[in-house]
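Visitor: let me see the structure of the following:
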Amino acid sequence: MNIFTRAALSILGLAALATGVHANGRNPGSMLVFPEFTQGNGTDTILTITNTNQTTGVRVHLWYISGDTATLCQESNRVVNLGIRDTFTTLVSAQITVLGPTKGFVYAYAENAQGAPISFNHLAGDLLIVNGSLANQYSVEVLPFRSPKAEGETTRSDQDTILDMNDTEYEKAPAKVIVPRFMGQSATAPFQSDLVLISLSGGRNFTTIVDFLAFNDNEEVFSAQHLFSCWKKTTLLNVNGIFSKTFLQNFTNDSPTEIRGSESNEAGFFTIDGNVAYSTTVDILDPVVIAVLIEKSGTGEIGAELPFFQGTQLKGDLLPGGNTWDGD
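Guide: Purely as a prediction, here's the structure:
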């Protein structure tokens, strides 16, 4: 039994750190977005989809979207059949080939026997990322999207293959991301957090610019921008120096009494808002961006937070492939 398998089996029943809600609460949906997966080099991801319906089984289509540079936003897909109150749990490495993507995100939706997406607001999910080499793990909460259609009805209102989060096919996507806490970052210990960014407007041929507002522990605000395509995982320090401990301590009007009980460290919160997503032919103003902060300490502790969301908007899509936008 390899090191990952031993670690994975030992923590299957454990819950890791995670917080957050989507819209009016995390209710089962017709479509699920899993913000991150990883596999290879001693890591793997335990992915679960559950049919909560008491009377009807369903077919579910999973799409694995690559976050690797060489294959960014390329897709691998699998179909699973869930019976009544059935749960499907898999290692991602068992779903995609050895030569498949090593990281990225997943979305899954209910579909009928002909392969058309349908309204079936009974899907729940879970995601656990395990590093067998470092003997740690963290859970990332799954984003459910409900459909307003009648149960079993196809969600394809415009007859294309793009899943629209527009309150016609699926509920609207979040307008703004709020991360309620970040720790002052350092290139060395103790805090070296990662940020996962996903663009839900435009697709694989678009570059997205996001706006950051970071607030220190004395309510001062600092702005930054960052650009990425499709999916990206990067250190918070790489996003901008405003998140660094050195900047917060030495170049802001820091509150010397915070963090209470750990005054030598710094903390704050930040917001993320899509500015523009652009291709060679079109700009999408105010695109949908979702994010997850993965907090790490120098002593090996790790935990992920699905942040809070503010407002909703109509421009979420999964997953266009061209240089244009369908406008819905």
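Visitor: so the spatially closest residue to residue 292 that is not a sequence neighbour is in which element?
Guide: Closest residue to residue 292 apart from its sequence neighbours, by CB to CB, 6 or more residues apart in numbering: residue 196 at 4.4 Å. C-beta here means a position set from N, CA and C on the backbone, and glycine is covered the same way. Using DSSP states H and E, residue 196 maps to strand 194-199.
Visitor: contacts for that strand next, please.
Guide: Strand 194-199 is contacted from outside by 33, 35-36, 105, 206, 208, 210, 226, 228-236, 239, 272, 274, 277, 287-294, 296, using CB atoms under 8 Å, 6 or more residues apart in numbering.
Visitor: equivalent analysis for stretch 221-235, please.
Guide: Applying CB under 8 Å, 6+ apart, the external contacts of stretch 221-235 come out as 36, 65-67, 72-73, 103-105, 185, 192-199, 203-204, 206-216, 239-240, 242, 252, 275, 294.
Visitor: out of these, which are buried?
Guide: The neighbour count (16 or more other CB atoms under 10 Å) marks 36, 65-67, 72-73, 103-105, 185, 192-199, 203-204, 206, 208, 210-216, 239-240, 242, 252, 275, 294 as buried among the contacts of stretch 221-235.
Visitor: coming back round to it: give the buried subset of the contacts of strand 194-199 as a PyMOL selection command.
Guide: Burial among the contacts of strand 194-199 is assessed by 16+ other CB under 10 Å; the matching PyMOL selection reads:
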select buried, resi 33+35+36+105+206+208+210+226+228+229+230+231+232+233+236+239+272+274+277+287+288+289+290+291+292+293+294+296
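Visitor: tell me which of the contacts of strand 194-199 fall in helices.
Guide: The helices, defined by DSSP state H, take in 236, 239 from the contacts of strand 194-199.
Visitor: among the contacts of strand 194-199, name the ones in strands.
Guide: 33, 35-36, 105, 208, 210, 226, 228, 231-235, 272, 274, 277, 289-294, 296 (DSSP state E).
Visitor: contacts only, for the residue nearest to residue 255 when sequence neighbours are not counted.
Guide: Take residue 255 and drop its neighbours on the chain: the residue closest to it by CB to CB, 6+ apart is residue 218, 4.2 Å away. The neighbours of residue 218, taking CB under 8 Å, 6+ apart as the test, are 252-255, 258.
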